[in-house]
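In: Need coordinates for the following:
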Amino acid sequence: MNETWKGAIACLGVAVFFVMTIGIIYWQVVDQPNKNWILKGSFSGLIWERRTHSLIIQTLTEDKTFVEIEVGNVGNPEADVPFVRNLCWLNQTEFCYTWESIADVKISLESDDTSQIECYSITWTPLNCHMDLKDCISMANVSWYGGGSIHAQKWPMNNMTVQMQPFLVSDQRDNPSGYGSVLERYFLGSTGVAVLVNPEVPLQVGIESMQQFCLWMPSSLERLPLKYTVCVGPNVKAVHQKVWPPPPAHKPVLPNMDILWSPFWKLLVNVDSGVKVERELRTFSNRLKRHHLGPGIINLNEHSTSLLSDMMDHEYLNSRKTASTRQTRDLPLVKLLNISITVSPFVGVDSKQFQMSLEDGTEAYWLSLPTTPKGYLVPLLTQWKGKFCVKLNITNPAAVSWFMDRVGSLQAHLGMEYVVLEGGERNPFEALALRPPRALAGDEYIGLFAGMATRLGNSAIVTSGTRSGHMPLFIWMAPLQDNWSYSGLKGIIPSVLHYSLLGYNFFIPDAVGGSLSNEVVTDEELYIRWLEIVAFLPVISFQTPPWACADNRVLNLTRFYISKHQDFVVPLIQRYAEEWRATRSPIYRPLWWLSPDDLNTFAIDDEFLIGDEVLIAPVTEKGATQRDIYLPGNDLQWQDLSNDQVFDGGTSLKDYPVGLEEVAVFSRRNS
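Out: Coordinates of the predicted model:
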């Protein structure tokens with residue numbers, strides 16, 4: 001072959017190479033579809049959207065989008081990685097892919113044909129210790145519920161803004177921008193989608209109002225994976241009933257339902273001795289009787305509780321004496337009253353309890369810094385209510401036994417049944433940016449604290465909850481401001497719906513008028529409207545007594561709504577409590593529970609249902625004596641219990657009259 005032919009063949013080869021290269025580039029950039037199906041179930045499928053680097057779950061007919069997840073920090077948008085090669089080979093229910101030196105992803109599909117629920121388990125595993133993982137879930141055209149409570153609670157959470165932070169329960173008195181008292185790694189969307197994040201993931205969550213919420217896994221030497229599951233189904237109610245709570249679910253146990261019948265009265269007194277507390281208790285109890293407010297429970301705060309305990313055998317309460325040496329004395333006048341006490345796992349560093357623990361070698365009763373080279377324990381210093389304290393080491397059985405013995409003694413000698421345990425939500429390790437022991441990582445302390453509370457019986461009350469909705473506990477809702485905003489009155493119903501959706505149906509709402517300021521409520525209209533809402537909740541609680549208002553109308557309305565609560569609301573709660581125990585359906589329900597495909601119900605945050613049969617529509621605007629009311633269920637009818645008018649479901653009542661002393665209550669009728 002002469003040189004001419006050789007040159008021609010070489011030129012042809014180069015031309016073919018360039019044509020193939022251009023063809024491949026064209027295929028990757030131009031001709032390749034922007035959307036690629038990754039997995040397909042019986043009615044839904046997972047799509048990779050190349051342009052937005054998003055995972056999208058849609059129906060196979062593409063007429064409904066359940067959720068869109070933007071994949072952050074993975075892949076290179078400039079390189080436009082196709083993300084279509086399945087390294088799980090021919091497996092029809094799994095998809096695997098690797099971004100070289102960045103991360104692996106594995107997605108598994110499980111289908112339940114009987115319930116029409118399909119779940120996609122997604123696991124991102126970083127391939128280097130400098131890689132953090134972040135997936136952001138769109139709020140476009142989806143109303144989202146669940147997650148963590150916040151100071152100014154919203155329903156749905158689309159209107160919330162929370163900076164990226166550890167997804168942990170915090171004390172909002174100290175951290176008002178943090179997540180609040182009830183939190184679960186569960187997010188529910190109105191399109192019929194639920195997101196459940198694995199409990200072992202050290203998760204951070206941020207919420208951008210009306211945009212997205214993001215799940216973030218910071219980089220670590222352990223290269224921990226980001227694992228979560230996305231389930232989709234026919235509608236929001238069907239998905240919630242199927243996937244929450246996740247298996248294995250503990251069998252729920254009811255708390256002491258007797259508490260429903262008795263209002264809680266917070267006794268706020270500024271005294272310095274147990275004798276004075278005892279006198280204030282008698283005075284307050286006599287005033288309740290004089291104003292014909294019926295039997296109630298007088299709640300003592302932690303300071304008053306400690307003063308009463310000092311009246312008993314101080315040595316016993318601050319030591320570990322055996323039962324044979326106990327010389328405590330009863331307080332007969334206090335035992336005649338129905339009171340509840342408040343305790344916490346904190347002990348002041350200036351207290352005899354703490355000093356004696358250092359002397360007798362039981363410093364292991366308190367959370368400690370990592371052991372020193374010589375094996376000494378250094379108690380971890382923290383703050384509680386403005387004082388330097390140490391916190392009970394709840395992983396130490398001896399410490400727990402000592403604490404429970406102390407509380408049990410208080411119960412016995414004060415003759416009371418209900419105990420409020422507060423302070424479980426504070427993690428001093430996290431607050432000091434210290435790495436906690438594995439047993440106390442994240443919110444583990446709260447779970448252990450709730451378990452310890454159940455050892456007191458079924459009459460314990462806690463102030464925070466996570467993974468404990470099945471326990472026989474009441475939970476005291478976070479304190480609110482004495483105003484009309486979402487930090488005050490308007491935040492009550494969103495909080496009620498949030499608590500109940502996550503399984504915390506037995507709660508004590510904040511005191512009528514709000515208690516965050518510890519001041520007497522002076523806005524009479526606010527007091528009345530607040531009273532009208534909480535009268536339909538499990539327990540009515542007060543901090544400002546009704547006789548503090550100059551108008552006798554407030555006192556008369558208080559008597560009326562206490563009676564209304566006992567006669568009408570408590571039997572409803574008792575009936576639906578049995579249903580909750582059998583089916584885990586919430587007692588307090590959003591309107592979409594009856595109309596899960598009705599777009600009008602997804603964002604209503606000022607109405608709620610008790611079970612399936614009663615709808616409550618209070619007034620939450622200052623000065624209003626009318627409001628718009630939406631009645632759900634196109635095949636239902638609703639009767640106004642105040643005037644017997646009957647209305648069809650699926651309609652709006654515009655400017656419906658609701659006087660200052662009234663609350664709109666509708667009873668469901670089958671059409």
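
In: quick one: buried residues of stretch 391-400?
Out: Neighbour-count burial for stretch 391-400 flags 391-396, 399-400 (criterion: 16 or more other C-beta atoms under 10 Å). C-beta coordinates here come from the backbone N, C-alpha and C atoms, glycine included.

In: does the residue lying closest to Gly611 once chain neighbours are set aside belong to a helix or a strand, and which?
Out: Closest residue to Gly611 apart from its sequence neighbours, by C-beta to C-beta, 6 or more residues apart in numbering: Tyr576 at 4.3 Å. Using DSSP states H and E, Tyr576 sits in helix 570-583.

In: Next: Asn299.
Out: Per DSSP H and E, Asn299 falls inside strand 297-300.

In: Can you show me the CA trace of that strand as CSV?
Out: Only the C-alpha atoms of strand 297-300 are listed here, as CSV (Å, rounded to 0.1, in the frame of the first residue of the first chain):
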residue,chain,number,x,y,z
ILE,A,297,-55.3,20.1,90.4
ILE,A,298,-53.1,22.8,91.8
ASN,A,299,-49.7,22.6,90.1
LEU,A,300,-46.6,23.5,92.0
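
In: follow-up on the earlier one: give me the neighbour count for the residue nearest to Gly611.
Out: 22 (other C-beta atoms under 10 Å).

In: Test my guess that it contacts Ile587.
Out: Yes: counting by C-beta atoms under 8 Å, Ile587 is a contact partner of Tyr576 at 4.5 Å.

In: shared neighbours, the two?
Out: 610-611 (C-beta atoms under 8 Å, 6 or more residues apart in numbering).

In: Which parts of the stretch 301-450 of the chain are helices?
Out: With helices called from DSSP state H, counting those that start in this stretch, the stretch 301-450 of the chain shows them at 302-311, 314-317, 332-335, 352-359, 397-414, 428-431, 444-454.

In: Which of these comes out lowest on mean pLDDT?
Out: Between the helices of the stretch 301-450 of the chain, the one with the least mean pLDDT is helix 314-317; it has a mean of 44.

In: Show the pLDDT at the residue nearest to Gly611.
Out: Value for Tyr576, per-residue pLDDT: 97.

In: Same question for the one 10 residues further on.
Out: Predicted confidence (pLDDT) for Pro586: 97.

In: Burial check on it, number of neighbours?
Out: The number of residues near Pro586, taken as other C-beta under 10 Å, comes to 25.

In: swap in Asp655?
Out: Neighbours of Asp655 under the rule other C-beta under 10 Å: 11.

In: Would you list the phi and psi of it?
Out: Main-chain dihedrals, Asp655, degrees, to the nearest 10: phi 50, psi 50.

In: any idea how far it lies from Glu621?
Out: Separation of Asp655 from Glu621 (C-beta to C-beta, to the nearest Å): 12 Å.

In: that older thread, I'd like the helices of the stretch 301-450 of the chain as a markdown table, with distance to Ile461 appended.
Out: Shown next, in a markdown table, are the helices of the stretch 301-450 of the chain (distance: least, C-beta to C-beta, whole Å):
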| stretch | distance to Ile461 |
| --- | --- |
| helix 302-311 | 13 |
| helix 314-317 | 21 |
| helix 332-335 | 19 |
| helix 352-359 | 23 |
| helix 397-414 | 12 |
| helix 428-431 | 23 |
| helix 444-454 | 8 |
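
In: nearest to Gly72, of those?
Out: helix 428-431 (24.3 Å; C-beta to C-beta).

In: what does the closest one rub up against?
Out: Contacts for helix 428-431 (C-beta under 8 Å, 6+ apart): 166, 168, 367, 380, 382, 391, 434-436, 440.

In: Just the buried residues of that helix, please?
Out: By 16+ other C-beta under 10 Å, the buried positions in helix 428-431 come out as 428-430.

In: Can you name the element that comes right after the helix holding Tyr576?
Out: Using DSSP H and E, the helix or strand that follows helix 570-583 towards the C-terminus is strand 588-589.

In: Can you give the distance of the helix or strand just after that following strand from its chain's centre?
Out: Of the helices and strands lying after strand 588-589 in sequence (DSSP H and E), the nearest is strand 608-610. How far strand 608-610 lies from its chain's middle: 19 Å, per C-alpha atoms, centre = their mean, to the nearest Å.

In: what packs against strand 608-610?
Out: Where contact means 3 or more C-beta pairs under 8 Å, 6 or more residues apart in numbering; DSSP states H and E, strand 608-610 is packed against helix 492-501, helix 570-583, strand 588-589, strand 614-617.

In: Now do the third one: which elements does it pack against?
Out: So that's strand 588-589. On a contact count with 3+ C-beta pairs under 8 Å, 6+ apart, strand 588-589 meets helix 492-501, strand 608-610.

In: Residues contacting the longest one, please?
Out: This means helix 492-501. 145-146, 149, 153-155, 182, 188, 240, 475, 477-478, 480, 486, 505, 507, 509-510, 530, 533-534, 537, 586-590, 605-608, 618, 620.

In: repeat for the shortest one
Out: Taking C-beta under 8 Å, 6+ apart as the criterion, the residues outside strand 608-610 that touch it are 493, 496-497, 536, 569, 572-573, 576, 587-591, 593-594, 615-616.

In: Drop anything exposed from the residues you listed.
Out: Among the contacts of strand 608-610, the ones that count as buried by 16+ other C-beta under 10 Å are 493, 496-497, 536, 569, 573, 576, 587-591, 593-594, 615-616.

In: Quick check: of these, which lies closest to Asp635?
Out: The shortest approach to Asp635 among these belongs to Leu594, at 9.6 Å (C-beta to C-beta).

In: Contacts only, for the closest one.
Out: For Leu594, the contacting residues are 601, 609, 612, 632-633, 636, 649, by C-beta under 8 Å, 6+ apart.

In: In helices only, show me those residues.
Out: Using DSSP state H, no member of these sits in helices.

In: Which members of those residues occur in strands, if any?
Out: Judged by DSSP state E, strands contain the following of the contacts of Leu594: 609, 636.

In: mind checking which helix or strand Asp628 is in?
Out: Assigned by DSSP H and E, Asp628 falls in strand 626-631.

In: partner strands of that strand, parallel or antiparallel?
Out: Take DSSP bridges as the rule and strand 626-631 pairs in its sheet with strand 651-657 (antiparallel).
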